[in-house]
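# Model the structure of this input:
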Amino acid sequence: MDFRDMQDRFNAEKRMVTEDRIVVGGLFRTVLTVNDGLKFKDGRTSKPKRLVIVGIDKTNKTCYGTVLVNTEMSPMAKVSPLFFATQYCLKQEYYPEYLDYDSYVDCGVLFAISFDTLKSGEYFGTLNSDDIEAIFDILETTKAISTKDKKRFNIRRR
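Below is the predicted model:
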């Protein structure tokens with residue numbers, strides 16, 4: 001095995017998603033589909049997406065309250081002050097292995113993603129505490145997410 005093979009193997013193991021890595025604030029990239037709740041305008045049925053875990057149900061092996069990380073703000077943010085306020089900028093300088101440039105966490109929509117879907121993707125570590133706190137501040141106070149969903153996804157004031 002040459003150096004490049006060893007490096008590729010190391011990187012694959014470093015990125016492997018295991019249950020102990022599925023934590024609140026975890027950073028992942030995986031392929032999501034229309035079955036996961038994504039909506040596509042161009043006819044696609046799946047797309048690789050970056051996401052942040054904000055709630056976990058280990059019994060049902062589902063990450064409730066997953067928020068997506070997008071290159072740009074959600075299109076809804078351009079037309080709605082309510083959704084504009086749900087966009088949180090992640091700085092690329094803090095997550096160079098995860099982000100190619102500053103990106104936006106969309107805290108206006110929550111998704112439930114199975115552990116199996118996450119395990120087919122890649123793990124990139126966790127958010128720093130300041131970013132986790134800021135995201136939860138948005139999630140807890142936004143009116144874009146119903147009180148019912150906030151309870152379902154275990155999002156509440158700490």
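# Phe124: neighbour count?
When neighbours are defined as other C-beta atoms under 10 Å, Phe124 has 19 of them. For the C-beta atoms, the positions are set from N, CA and C on the backbone; glycine is no exception.
# actually Glu133, sorry about that
12.
# Are we agreed that it is in a strand?
No: counting by DSSP: H, G, I helix; E, B strand; the rest coil, one finds Glu133 to be helix, located in no strand.
# Might you report the residue contacts of it?
For Glu133, the contact set (C-beta atoms under 8 Å, 6 or more residues apart in numbering) is empty.
# Remind me what the longest strand belonging to the chain packs against, helices and strands.
Assignment by DSSP state E gives strand 103-114 as the longest strand of the chain. Here strand 103-114 touches strand 26-33, strand 46-53, strand 62-70, strand 87-90, helix 129-141, going by 3 or more C-beta pairs under 8 Å, 6 or more residues apart in numbering; DSSP states H and E.
# quick one: the residue lying closest to Gly108 once chain neighbours are set aside from Leu139, how far?
Leaving aside its chain neighbours, Gly108 sits nearest to Thr86 (3.5 Å; criterion: C-beta to C-beta, 6 or more residues apart in numbering). Using C-beta to C-beta, to the nearest Å, Thr86 is found at 8 Å from Leu139.
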